[in-house]
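>>> Got a predicted structure here, sequence first:
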Protein chains: 2
Amino acid sequence: MRGCGRSRTPPDPRRAVALDWDVAATGVARTEGAHVRVGVIGAGQLARMMIPAAIELGVELRVLAEADGMAAGLAADRVGDYTDLDAVLPFAREVDVVTFDHEHVPQDVLRALVDAGIRVHPGPDALRFAQDKLLMRERLAELGLPVPEWARVSSPEELDAFIAEHGGSAVVKTPRGGYDGKGVRVVRAAAEVAEWFAAIAEDGRDGALLAEELVDFRRELAQLVARRPSGEVVAWPLVETVQVGGVCSEVIAPAPHSAGRLADVAADVAVAIAEGLDVTGVLAVEMFETTDDRVLVNELAMRPHNSGHWSMDGATTGQFEQHLRAVLDLPLGGTGCHAEWAVMVNLLGGPAEGTLADRYAEALASHPTVKIHNYGKAPRPGRKVGHVTAIGDDLDDAVYEARAAAAALQD
Amino acid sequence: MRGCGRSRTPPDPRRAVALDWDVAATGVARTEGAHVRVGVIGAGQLARMMIPAAIELGVELRVLAEADGMAAGLAADRVGDYTDLDAVLPFAREVDVVTFDHEHVPQDVLRALVDAGIRVHPGPDALRFAQDKLLMRERLAELGLPVPEWARVSSPEELDAFIAEHGGSAVVKTPRGGYDGKGVRVVRAAAEVAEWFAAIAEDGRDGALLAEELVDFRRELAQLVARRPSGEVVAWPLVETVQVGGVCSEVIAPAPHSAGRLADVAADVAVAIAEGLDVTGVLAVEMFETTDDRVLVNELAMRPHNSGHWSMDGATTGQFEQHLRAVLDLPLGGTGCHAEWAVMVNLLGGPAEGTLADRYAEALASHPTVKIHNYGKAPRPGRKVGHVTAIGDDLDDAVYEARAAAAALQD
């Protein structure tokens, strides 16, 4: 075991355990033991990967699914629209705490749950910063945290002025609804996002876009932390992420050549965000390492995140177990590593014909130490259908194994 | 990573993949991707711990449960009597392969499944040796494998003669139905098992008991291996097991001071049993290390086993994932270890008041690196309600952590 993680523990992490652990709330237990129930809104692969952690902890996981047959279908308690309080509230009343597979539950629904006395982690006050990139930039700037230069731009003229002041280009983002590179465009003129401004004008709600400098970065990093409502925060090692077309392709943990100042700064920033924004559960902070050795915060995710999948196989506590512990206000687990390196490669799209499982005979035979995670989703170009992780004490070997296994599964 | 496991790979493990991986068999998929389905007979903690492995592999696990609310209830497909072919056959027809949480399914039911063209792993020809200890002893003796001195005894007179020849004592076992020390008695006279002979006589089916020498052993060991139908076999490191009152209490992996001849002999014996008895899936071979440095086979289990629980947290491939890979005739995973040592301690009985989860706040705070596995069972004296595992490069530390965490959870 390697001690690549770190813990920032308040004096006594036992001090506040809000849940009444010895009383099963309501409903019928799926096994005879008394249960704590965690409700997850959304049934994608993140909810799916919470199921194994819940089983081992003896926690009952109940999922509010968008539809039948989704990745987390095994734990689906019901199907319902997460934007409809009438669908969400009855689900939420039967669990001890509500958490999320995604950040898209509307603020009015979240606040109504809190008003009804339901524990929601992360809560609406934290989630609004993950839901609105302009709010997030404003708040991080208030906290004095390092962010790219940015501006709120309400018109093409304002954007063109920003572009002129920042070397002739800008990254323009819609404040809401973007993920995996959607709603993000690198432009040299406001005309390239004319339809976004038109949509704002049509909306008539005083909207704006977020303009950011095009950061000259050496690489992208991500810092994963977890925080309990009662305050304890732990950080996994800083990782390097490789994006292709705005989608995460590979993660290397820890980020090569990051020990020391870089790792310390990244962890300090992520902890400051978790505390400053009152984030509970897992928080992923995506960052740029600039060519002039600064770290700038790019995006936030207030849930388990692709940049932390490696931890399932490479760390003492995987991010899905940690997320459950955190939202239940339980003491957090160690973030040390099983080997010097962990390399995760996403399975994007799956094989051109058939399914991932069709390739198991070949892929597993050639890569007996690689861990496969199959999300049970039908293959489709560009879709995240799974991931593989290789760990080891030689980085080149781990990168080779993970990439070769991913190729055997889908090329 | 440490290379404490070993693999005995036939020339090409890809050569025989019997399942048609790209066709979902029957029924409604729980997620939209195509699925291979594994049916598990029995819904105890072993079936429960197969669920996380199935989720990650994208395999659909369906459990035939003995009752509602059991440990593997989340994956329960139906409730039915595993001794009733009319309950088992419809369940088995809807899965691609049938495997087991226990070894108690009657031979006539198993054979009827095979006759119906259903894949059953391990098959009835292997399972009969796990179901009948006299048959097992006979077969191991035929294979020339090291076993304690033994005899089939049909009368008190025969047992007393055996006792007289073996230093005045014997271990007497009922050939069927024993587990966790049940059906096993150490005696100095046949009168101490008079009621077992009476039951045999009443049964009228030419029954007998198994008498074995009382082995003068230094410690107990267990060798876990996994074998595919097409022949590949892998072995995890030999482990030391500590029994209290006939029930496994602790496991240390690898067994201290076992490297070299002892580990080689144990692995050779277990592989010979797997091959000689045509065992498929995980096989646990419980052994005695005698005071005169011999290894003698005690019991067999043809399924994931308590002596292999450490592998979930301590090895590249846990026994539950390996069992699924093996029964599906997929290439087997690496059996290397994450650290020098893994120590597993069973949670027997649970806390006197409340549940295991009531103790999480204290236990998790004090033991952040220990992995907890809660089977979701109501506490009851002596009952296996969970286990904990600690891994690390210092054996004393790992033993301390695992024992202290277990104590915090239930004392």
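Arrived safely. As the structure is a prediction and not an experimental result, all values here were calculated from the model.
>>> ok, the closest residue to residue A:87 other than its chain neighbours - contacts?
With C-beta to C-beta, 6 or more residues apart in numbering or on different chains as the criterion, residue A:87 has its nearest non-adjacent residue at 3.3 Å, and that residue is residue A:80. In this view, the C-beta of every residue, glycine as well, is placed from N, C-alpha and C. Counting by C-beta atoms under 8 Å, 6 or more residues apart in numbering or on different chains, residue A:80 makes contact with A:64, A:65, A:87, A:88, A:91.
>>> measure residue A:80 to chain B for me?
Taking C-beta to the nearest C-beta, to the nearest Å as the measure, residue A:80 falls 18 Å from chain B.
>>> Now name the helix or strand holding residue A:162.
Here residue A:162 sits within helix A:156-165, counting by DSSP states H and E.
>>> For the stretch 1-150 of chain A, which segments count as helices?
Applying DSSP state H, counting those that start in this stretch to the stretch 1-150 of chain A gives helices spanning A:45-57, A:85-93, A:107-115, A:124-131, A:133-142.
>>> returning to what we had before: ok, and the most crowded of the contacts of residue A:80?
Ranked by the number of neighbours (other C-beta atoms under 10 Å in any protein chain shown), the contacts of residue A:80 place residue A:64 first, at 28 neighbours.
>>> Residue A:324 reaches residue A:52, doesn't it?
No - the criterion here is C-beta atoms under 8 Å, and residue A:324 misses it with residue A:52 at 10.5 Å.
>>> Which one's more surrounded, the two?
residue A:324 (26 against 22).
>>> Look up phi and psi at the more buried one.
Reported as degrees, to the nearest 10, the phi and psi values for residue A:324 are phi -60, psi -50.
>>> Now do the same for it: its pLDDT.
pLDDT for residue A:324: 98.
>>> how about the helix or strand where residue A:322 lies: buried residues?
Applying DSSP H and E as the criterion places residue A:322 in helix A:319-327. Neighbour counts over helix A:319-327 (16 or more other C-beta atoms under 10 Å in any protein chain shown) mark A:319, A:320, A:321, A:322, A:323, A:324, A:325, A:326, A:327 as buried.
>>> among those, which are in reach of chain B?
Counting by C-beta under 8 Å from any C-beta of the partner chain, residue A:325 from the buried residues of helix A:319-327 sit close to chain B.
>>> May I see the buried residues of helix A:319-327 organised as CSV, with distance to residue A:296 added?
Below are the buried residues of helix A:319-327 laid out as CSV (distance: C-beta to C-beta, whole Å):
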residue, distance to residue A:296
A:319, 23
A:320, 28
A:321, 30
A:322, 26
A:323, 26
A:324, 31
A:325, 30
A:326, 26
A:327, 29
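>>> residue closest to the middle of chain A?
Compute the mean C-alpha point of chain A, and by C-alpha atoms, centre = their mean the closest residue is residue A:305, 2.6 Å away.
>>> Please verify my assumption that it contacts residue A:285.
No - under the criterion of C-beta under 8 Å, residue A:305 makes no contact with residue A:285, lying 9.3 Å away.
>>> Mind listing the shared neighbours of those two?
By C-beta under 8 Å, 6+ apart, the residues touching both residue A:305 and residue A:285 are A:222, A:224.
>>> with the contacts of residue A:80 in mind, which one is nearest to residue B:278?
residue A:65 (42.6 Å; C-beta to C-beta).
>>> ok now do the closest one, which residues does it touch?
A:42, A:43, A:72, A:73, A:76, A:77, A:78, A:79, A:80.
>>> repeat that for 7 Å
Each residue near residue A:65 by C-beta atoms under 7 Å, 6 or more residues apart in numbering or on different chains is listed here: A:43, A:72, A:73, A:76, A:79.
>>> Tell me where the stretch 201-350 of chain A has helices.
A:261-276, A:311-314, A:319-327.
>>> need the residues of the stretch 51-200 of chain A near chain B, please.
Within the stretch 51-200 of chain A, the positions lying close to chain B (C-beta under 7 Å from any C-beta of the partner chain) are A:51, A:52, A:55, A:56, A:57, A:58, A:69, A:70, A:71, A:73, A:74.
>>> Looking at the residue nearest to the first one when sequence neighbours are not counted now. What's its pLDDT?
This means residue A:51. The shortest distance from residue A:51 to any non-neighbouring residue, by C-beta to C-beta, 6+ apart, is to residue A:75 (5.1 Å). In this model, residue A:75 is scored at 94, pLDDT.
>>> cool, and residue A:328?
98.
>>> Does it touch residue A:39 like I think?
No - using C-beta atoms under 7 Å, residue A:328 makes no contact with residue A:39, being 11.7 Å away.
>>> Poorly predicted segments of the stretch 251-400 of chain A, please.
Filtered on pLDDT under 70, the stretch 251-400 of chain A yields no residues whatsoever.
>>> beta partners for the residue in it that chain B sits nearest to?
Closest to chain B within the stretch 251-400 of chain A is residue A:374: 2.8 Å, counting by C-beta to the nearest C-beta. Following DSSP bridges, residue A:374 is listed with bridge partners residue A:386.
>>> measure it to residue B:246 for me?
40 Å (C-beta to C-beta, to the nearest Å).
>>> Out of the buried residues of helix A:319-327, which is nearest to residue B:159?
The closest of those, once distances to residue B:159 are taken by C-beta to C-beta, is residue A:321, at 51.8 Å.
>>> That closest one contacts residue A:53, doesn't it?
Yes - the criterion here is C-beta under 7 Å, and residue A:321 meets it with residue A:53 at 3.9 Å.
>>> and residue A:156, how many neighbours?
Residue A:156: 18 neighbours (other C-beta under 10 Å).
>>> From chain B, how far out is it?
42 Å.
>>> Setting the sequence-adjacent residues aside, check what's closest to that residue.
That would be residue A:190: by C-beta to C-beta, 6+ apart, it lies 3.6 Å from residue A:156.
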